[in-house]
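Engineer: No letters, just coordinates:
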């Protein structure tokens, strides 16, 4: 498994940042590696969905658990990516720190490309956090 981390400080309250990141349907707007999201079911704060990612237009199944105003845990349950992506909000004085942590690898024979893909995911995560920051500071 490979861990990828990125963080950003946002000049906005946690509520505002949460409203952006918890709008799961708008994820492709911020996360360029996510091309399309299709929600399959919802049970309380847990959503099962199919996501089309930019990597060879692969489809992945995910279980997303929302911990309101605290974190979003995304478990990749089927597809080319195995592992998790976690977004965590940390309320600071007048700001919010948004952290993302990937703990993932590519599945099966694709595992040998995990290192190459790591740079793309790191860069994409940093761009996504910056886009979320811009949206929240409007």
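Structural biologist: Perfect, thanks for sending it. Nothing here was measured: the structure is a model prediction, and the numbers come from that model.
Engineer: The residue nearest the centre of the chain: which element?
Structural biologist: Centroid-nearest residue in the chain, with CA atoms, centre = their mean: residue 85, separated by 5.5 Å. Assigned by DSSP states H and E, residue 85 belongs to strand 81-91.
Engineer: Same question for residue 126.
Structural biologist: Here residue 126 sits within helix 114-136, counting by DSSP H and E.
Engineer: okay, the closest residue to residue 71 other than its chain neighbours: pLDDT?
Structural biologist: Among residues not flanking residue 71 along the chain, residue 88 sits closest, at 4.4 Å (CB to CB, 6 or more residues apart in numbering). C-betas here are computed from N, CA, C, even on glycine. We have a pLDDT of 98 for residue 88.
Engineer: what sits opposite residue 88 in the beta ladder?
Structural biologist: residue 71, residue 99 (DSSP bridges).
Engineer: and it, what does it touch?
Structural biologist: For residue 88, the contacting residues are 70-71, 98-101, by CB atoms under 8 Å, 6 or more residues apart in numbering.
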